[in-house]
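# Predicted structure and sequence below. I'll ask about it afterward.
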Amino acid sequence: MSLDFIDSNIIVYANDGRDAAKQKTALTLIGEAMRSGTGVISTQVLQEYANVALGKLRQRQDVVLRQLTLLERLQVVPQTPTLVKRAVEIHGLYGISFGDSAIAAAAEQAGCERILSEDLNPGQFYGSVVVFNPFG
């Protein structure tokens, strides 16, 4: 069973009705990942979603809390000092932002094959994990 790391932009699109096509794709991906047990996120993804949901999307606190509870059904990689150090290494190797490096490090630690993301270069490997843009 191959695991997919779901980047925060996918979670945000699932909660943002301004782009119906992206929202539908994101909801489908997350739903399939929950049903199959193949979806992985990190505590960083939960934090980034909550930040955007409470700010830009102006979602109510109870809605955000409910979404966070639902997202806990996915495998969640916690931030650790070791993970932060690996993110620093990935940042130096690939020249991507530290936030994106932390996503790649969490995906790698969880044993994911892919990172589902619109923010990273599709087809690019970061360590052992390749990026796939589900909207492209």
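Structure's in. What do you need?

# CA atoms for contacts and neighbours, from now on please.
Noted.

# what about stretch 30-46, how long is it end to end?
End-to-end distance for stretch 30-46, by C-alpha to C-alpha, to the nearest Å: 14 Å.

# cool, and stretch 90-108?
Stretch 90-108: ends 11 Å apart by C-alpha to C-alpha.

# How about stretch 111-118?
Terminal residues of stretch 111-118 lie 20 Å apart, using C-alpha to C-alpha.

# So which residues make contact with it?
Contact with stretch 111-118 is made by 2-10, 40, 104, 107, 128-135, as judged by C-alpha atoms under 8 Å, 6 or more residues apart in numbering.

# can you do 7 Å?
With contact meaning C-alpha atoms under 7 Å, 6 or more residues apart in numbering, stretch 111-118 is reached by 2-7, 9-10, 107, 129-134.

# Tell me which of those residues fall in strands.
If you go by DSSP state E, the contacts of stretch 111-118 have Asp4, Phe5, Ile6, Val129, Val130, Val131, Phe132 in strands.

# Any chance of CSV for these, columns pLDDT?
Formatted as CSV, those follow (pLDDT from 0 to 100):
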residue, pLDDT
Asp4, 98
Phe5, 98
Ile6, 98
Val129, 97
Val130, 98
Val131, 98
Phe132, 98
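
# For Gln47, state which of these is nearest.
Gln47 has its nearest neighbour among the ones in strands among the contacts of stretch 111-118 in Ile6, at 13.4 Å by C-alpha to C-alpha.

# Now do the same for stretch 97-111: mean pLDDT, whole number.
Stretch 97-111 comes out with an average pLDDT of 97.

# What are the boundaries of the strands in the protein?
Using DSSP E, the strands of the chain run over residues 4-6, 39-42, 75-77, 114-116, 125-126, 129-132.

# just those: most buried one?
With neighbours defined as mean count of other C-alpha atoms under 10 Å, the strands of the chain peak in mean count at strand 4-6, which reaches a mean of 28.
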